[in-house]
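> sequence first, predicted model second:
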Amino acid sequence: MTDRIEVAATELRPLLQEFILWAQEHAPGSDPDLVGPVALWHRLSASDDVGRWRRTDLRSVLLERMPQAVEDPDAAADGMIGAVRSYLTFLSETERLTKRSDSLDELLDELDDLEDDFVDAMEDLIDEGDLEDEEGEEEDETGDLGDFEPFADELADLPTIRLRPDAELATAARAVPLIAKARDLAVWVGSARSVGEETLLSDPEVEEALAIVGLPRPQTQLPLGQAVPQLWNIWNLAVDLEFITPDDHETVSVDDDTDAWPFDDDEDVLDAWMLGLHSVDYGDPELGDEDLTLVLAGLTRALLVRLLLADGSRDLDELRAELAEAASDLDELGADAWAAAVDHYGDPLAPVLDWLVGYSMVTVSGSTVSLTPLGTEGVVHLVDDADIEVDARPAIESMSAHDLLSLSAELPEDEADAEFGAWMELRDPARAAEELLQAAAEDDSDALIRVQAASVVGTLGEAAIPAWQAALKEPSLRPYAATHLTQLEVEDAPEPTQDDTHWLILDMWTISAGLGRAEFVSSLRDVGPDLLNNLLEVSWKIPHAHMEELLDLIAQVHPDKQVAKAAKRALFKVRSAS
């Protein structure tokens, strides 16, 4: 069946692409993408001839097949009947509706007759999906205080969060007390240290390890290994940081590079710190009762997200009261768990703050707790790990040209302009032009970065001339450099060649292809037929990184069959040449 579907889909593709173009002009209110599944299942189950449509075909495909095939019943309920109406009209007006079909009027009448039944079928699917979602939510509910999802809207509405430069963060990470303790513990572990199944270390070893990390020996009647949760948290951190690695089930060893901490390279330092980031969970209270401990799971994350939402600082008393209320609202044992934590620690936030201060994520001053720059970086990463949107960007002063170009590609135009403006204020125009074009030259496959850089540098006028002249040596930038130098009437500037023009077109097509097929088809139409044919004839000689995929896409979507064939011939030449 899969092979039949692929063959049918391939057969239908040119027709559907032509319909998409037709619909832009003749049926702008319809969604032509909704026709694909209908046309495909008509071809598979009703008729080998894609142009033969009968009333019974409509009823069987729409009422029997579509409830099993649609991916978005909500969208189908809103627009599929209208889209099919436009598609049948397109077939009729382009003389593709065969003589053995029912008339267009009969087909449209049938659509009117079955529309209510089709919408009912889609709504049944929507109701079934909602029920499954509710059941899934109930099954997936974790009851964790540290769930960020309830704050998703507030996080999305936060003003832009500026993250500090990597060099500054790395300097802070090198001074993290807990990482130093984890390093010392790992170095003490040494090579091939035997570990037990029930308790990793013997009581004498626990005493040694406590001294190594600077923790007091507790007064306890229990085996010592059961009374030192802080030590095991540091042990687990050492494992997270890959300072301690297992040899087998019975022994562990220190990693060879551990004693080199803090590392010299900033990137290595930050990578290590990020490996230990999820250790924030080790700050959650650990109580004698397992059920009560579970109720307060996620307390450390709950504190962190509230700090982020409050621009980085909160009054501790207010925060403590809010978290106590959150625990009570979350679970019927919440109040009991909070009271147990008060009895155990004096303050339920004591282990939370102890760990976060030790990992250099917060500072406590009097009754105020605040995120450090390292803490803000960490919470943003945790939020991102939870697939929640937050607008976090590098600090302007630390943003490289490539960072700027990459970020701006994802921003609305006014925001991108503001970022460029702020970045430019920190540099003279000549230096800015040089940095932007160097960034554009880093990856000759990134057409969007290249076009953005050329567009911005093009606004800098004569100050950018030296940068443009240097860019002439870069094949991917030469077309832009030649064009702008000529416009600036620079003496001895090379005139843009036809190859340069072709390159600029290929970059434009590459960007539009990334936006979707409709945008790509529109960009093909922007190029006159003579220029298009000329480009296809010589395309096999142009070393553009996306040449093959562009030719393949042109062959699939261009409505002119002769152009599609020319693209296929060009694609064959490109592949043969490579």
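Thanks, I have it.

> measure the residue most central in space within the chain to D153 for me?
Geometric centre of the chain, nearest residue: D387, 8.1 Å, by Cα atoms, centre = their mean. For D387, the distance to D153 (Cβ to Cβ, to the nearest Å) stands at 14 Å. For every residue, glycine as well, the C-beta is placed using N, CA and C.

> with W41 instead?
Counting by Cβ to Cβ - W41 and D153 are separated by 39 Å.

> and the two? Which one has more around it.
W41 (21 against 10; other Cβ atoms under 10 Å).

> right, and the helix or strand after the top helix by length along the chain?
As assigned by DSSP state H, the longest helix anywhere in the chain is helix 104-140. Sequence order places helix 152-156 as the next helix or strand after helix 104-140, per DSSP states H and E.

> quick check: what element follows that next one along the chain?
Following helix 152-156 toward the C-terminus (DSSP H and E): strand 161-163.

> pull the residues that contact that next one.
Residues external to strand 161-163 that are found in contact with it (Cβ atoms under 8 Å, 6 or more residues apart in numbering): 169, 308, 373, 376-377, 380, 390-396.

> re earlier: buried residues in the longest helix of the chain?
Buried residues in helix 104-140, counted by 16 or more other Cβ atoms under 10 Å: L104, L107, L108, E110, L111, L114, E115, F118, V119, A121, M122, L125.

> where do the strands sit along the stretch 151-300 of the chain?
In the stretch 151-300 of the chain, the strands defined using DSSP state E, counting those that start in this stretch lie at 161-163, 193-194, 244-246, 251-254.

> listing partners with orientation, what would you give for the shortest one?
The reference is to strand 193-194. Sheet neighbours of strand 193-194, with direction, are listed as strand 251-254 (antiparallel) (DSSP bridges).

> name the residues that touch the partner strand?
With Cβ under 8 Å, 6+ apart as the criterion, strand 251-254 contacts 186-187, 189-195, 243-247.

> show me the shaky parts of the stretch 51-200 of the chain.
Scanning the stretch 51-200 of the chain for pLDDT under 70 picks out 130-143.

> make that the chain, sorry
1-8, 130-143, 578.

> which residue lies farthest from the center of it?
Q221 (51.2 Å).

> torsion angles phi and psi at that one?
phi -90, psi -10 (degrees, to the nearest 10).

> the chain should start at 127 in everything you say after this.
Yes, from this point I'll number from 127; that puts the last item at Q347.

> look up how far A353 lies from it.
With Cβ to Cβ as the criterion, Q347 and A353 are 9 Å apart.

> those helices in the stretch 277-426 of the chain, which residues are they?
All helices of the stretch 277-426 of the chain, identified by DSSP state H, counting those that start in this stretch, fall at 278-282, 292-300, 303-315, 329-339, 355-366, 392-401, 416-421, 425-435.

> quick check: which of those is buried the most?
Highest mean neighbour count of these: helix 425-435, a mean of 23 (counted as mean count of other Cβ atoms under 10 Å).

> quick one: residues contacting S534.
Going by Cβ under 8 Å, 6+ apart, the list of residues near S534 reads A542, E545, F546, Q578.

> ok, now R290?
So R290 contacts P499, T502, E503, A521, S524 (Cβ under 8 Å, 6+ apart).

> any idea which element the nearest residue to I668 once chain neighbours are set aside lies in?
Sequence neighbours aside, H628 is the residue nearest to I668 in space, at 5.9 Å (criterion: Cβ to Cβ, 6 or more residues apart in numbering). Using DSSP H and E, H628 sits within helix 624-641.

> moving C-terminal from that helix, which element do we reach first?
Downstream of helix 624-641 (by DSSP H and E), the next one is helix 643-652.

> who does that following helix touch, helix- and strand-wise?
helix 128-152, helix 624-641, helix 673-683 (3 or more Cβ pairs under 8 Å, 6 or more residues apart in numbering; DSSP states H and E).

> about what we covered before: identify the farthest-apart pair in the contacts of strand 377-380.
S320 and F369 (18.1 Å; Cβ to Cβ).

> what about those two, which has more around it?
Neighbour tally, S320 and F369, criterion other Cβ under 10 Å: the higher count belongs to F369, 26 against 12.
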